[in-house]
Structure formats: structure tokens, C-alpha cells
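Q: coordinates only, sequence not included:
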């Protein structure tokens, strides 16, 4: 059976217990899913000094009991238990992290998983995660741009040096290097974020959005990519620019087809929620839901 819709599907492990991650990845691979996406949180500060940007009231959708794990370590663990499925932190908070350490970590995961890493990248929104990790919150956008430039060049496995406003170092090299480029899926809904995606990304990834906003964003990305000499059809390496979304109001064959027609390449779905199970349902229930979704939409065809 061929795929019902010509689009990739990703399954998230967000809000699932950490001890279910490997089982979910194995079940998703068996069901024909294309990738596993993972959340990122460095720690949970008791006080919230800034509104969360992706909920209507600015509140966090989790609390101190929500389970998190470092996403790159989780990618490596799940990669060792699978053979085909890809992994994508969605998104890794680059701003608070040291770019040299991050380059070594990303390169290691890409190597250990056989180039099965798509790196979702974002700045980060919580001032405490910056300040308490030794990174200033002010100027975070330009700092992240420098970090991403270091990360991209470092992953090539050639001698490099960098002299910027936030980072300054002489010649160094990261070896061994991945044999393929690690795609950057840039997150964020602002104009600045979209420009960053068009400038340095191989894809863009969304938080929760409605269909109309997704269409408008894809159209804008197309315009911005053309300004960079690229396009949604060819991001510069002969492959389509990846559009990875969490859509709030399009489901089922018809809804997925509408997303694909709008230019979406990867739809993030949580099959157990679609079937009415909660985040805290068992691993067995999640795997069964994943299998039914894969069969229904022909993901193994």
C-alpha cells in the first residue's frame, strides 16, 4: 500500500516518560514513521521570568514533574536501538549552550546514528536558562547566529578559526566529521526567525499553529529563500526545503493532503492522542496507536 499522502510523518516523545523513548522509537520505525522529534529543556526554574511564547496566556505547558532528558543523548540512545528512523530535536536551545561543546556533541550523534540527525535549532526563550548557564540573555539572537556559524563550519571537519563579537578562538578542528551535512531545521515564528531559516537552514520547524498561519509562513519562507538564491523546491543541495509542522486544525487524509499541497514536507502527529489516550498512557498503548496510524496511512508501503 502506497502512502495515502505524499508527506513525511514524525512522532514526538514530548511529555512521555523517559523510559518509553526507546520503545516509541522502535515502534515508530516499524510502523514506517520518518523521524522522532524530541523536546529540549535545560532545567525547570521555580519562577517564570518571561512568558512562554507559544501559549495564549504565556504559561508553560509543563511543570516540575514533567520528565525531560538531554535530547542529543536521547538521540544517540534511540539511534543505537534502531536502524532507519531519523531524529530531530524540536528544537535544541542553542543560545544558552557553548557552540564548541555543541559542535562536538552534534557531530558525535550524527556519526553514531549513521547520519540520521536533523538538527532543530532555536534561540531559547527563558532568561534563566541563559543567565544561569553563563550566557547573556541580551543579544541572544546575534550570539545564536555566531553559534550556528561555528556549528556549521565545525561539522565540516576542517581547520577553522572564529573571531566574532561573542566567540573568539584560533585554529582548531573537530574530527572525525559526519560524512553528510547535518540539516538545520530552524525554529521560530517571527520574521527574524524566518529570515534566519532562509539564510542558513535546510528546513523550518513550527510550534503549534493553525493551517492559515502555516500557509502564510510557507509563502513568506518561499519569498525569503528566493532572496537567498534558493527555493522551497531546492534548498541548495537538490532537496526540498523541509517544512515541519505541528498543525492544530488539519487531521486525517483530507487535512494531511491540504498540508502537503501547502508545501508542508513533514507532519508531527501523536497517534495516541488522536485515539483519545493521554500523555501518560502505557508504552504498549502508544506503540499500538503508532502501528494503527502507520497502517491506515500506508507508511510502510
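A: Thanks, I have it. Keep in mind that this is a model prediction, so the values were computed, not measured.
Q: isn't residue 156 up against residue 177?
A: Yes - using CB atoms under 8 Å, residue 156 is in contact with residue 177, at 6.2 Å. (C-beta placed from N, C-alpha, C; glycine too.)
Q: those two: which is more packed in?
A: Between residue 156 and residue 177, residue 177 has the larger neighbour count (other CB atoms under 10 Å), namely 18 against 14.
Q: was I right to think that one contacts residue 159?
A: No - if you go by CB under 8 Å, residue 177 and residue 159 don't touch, sitting 11.6 Å apart.
Q: tell me the secondary structure of residue 246, please.
A: Three-state call for residue 246 (DSSP: H, G, I helix; E, B strand; the rest coil): strand.
Q: how long is stretch 152-168 from one end to the other?
A: End-to-end distance of stretch 152-168 (CA to CA, to the nearest Å): 16 Å.
Q: tell me the gap between that stretch and the middle of its chain.
A: Relative to its chain's centre, stretch 152-168 lies at 23 Å (CA atoms, centre = their mean, to the nearest Å).
Q: got the buried residues for that stretch?
A: Within stretch 152-168, the residues scored as buried using 16 or more other CB atoms under 10 Å are 153, 154, 155, 160, 162, 166.
Q: farthest-apart pair in those, please.
A: Pairwise distances among those were taken by CB to CB; the largest, 19.0 Å, belongs to 155 and 166.
Q: longest helix of this structure?
A: Scanning the chain for the longest helix, with DSSP state H as the assignment, gives helix 211-227.
Q: show me the contact partners of that helix.
A: Contacts with helix 211-227, where a contact means CB atoms under 8 Å, 6 or more residues apart in numbering, come from 189, 191, 194-195, 197-199, 204, 206, 209, 231-232, 235, 241, 243, 245, 247-250, 255, 258-259, 262-264.
Q: gap between it and the chain center?
A: Computed by CA atoms, centre = their mean, the separation of helix 211-227 from the middle of its chain amounts to 18 Å.
Q: average pLDDT across that helix?
A: Across helix 211-227, the average pLDDT comes to 97.
Q: so which of the contacts of helix 211-227 belong to strands?
A: Members of those lying in strands (criterion: DSSP state E): 204, 206, 209, 243, 245, 247.
Q: so the closest residue in space to residue 112 that isn't next to it in sequence, which state does it fall into?
A: Take residue 112 and drop its neighbours on the chain: the residue closest to it by CB to CB, 6 or more residues apart in numbering is residue 76, 5.3 Å away. Per three-state DSSP, the local secondary structure of residue 76 is helix.
Q: residue 110 is in contact with residue 76, correct?
A: No - counting by CB under 8 Å, residue 76 stays clear of residue 110, with 9.8 Å between them.
Q: now the buried members of the contacts of helix 211-227.
A: Using 16+ other CB under 10 Å, the buried ones in the contacts of helix 211-227 are 194-195, 197-198, 204, 206, 209, 232, 235, 241, 243, 245, 247, 250, 258-259, 262-264.
Q: list the contacts of residue 191.
A: Applying CB under 8 Å, 6+ apart to residue 191 gives the contacts residue 220.
Q: typo on my end, it should be residue 96
A: Residue 96 sits next to 42, 124, 129, 130, 133, 135 when contact means CB under 8 Å, 6+ apart.
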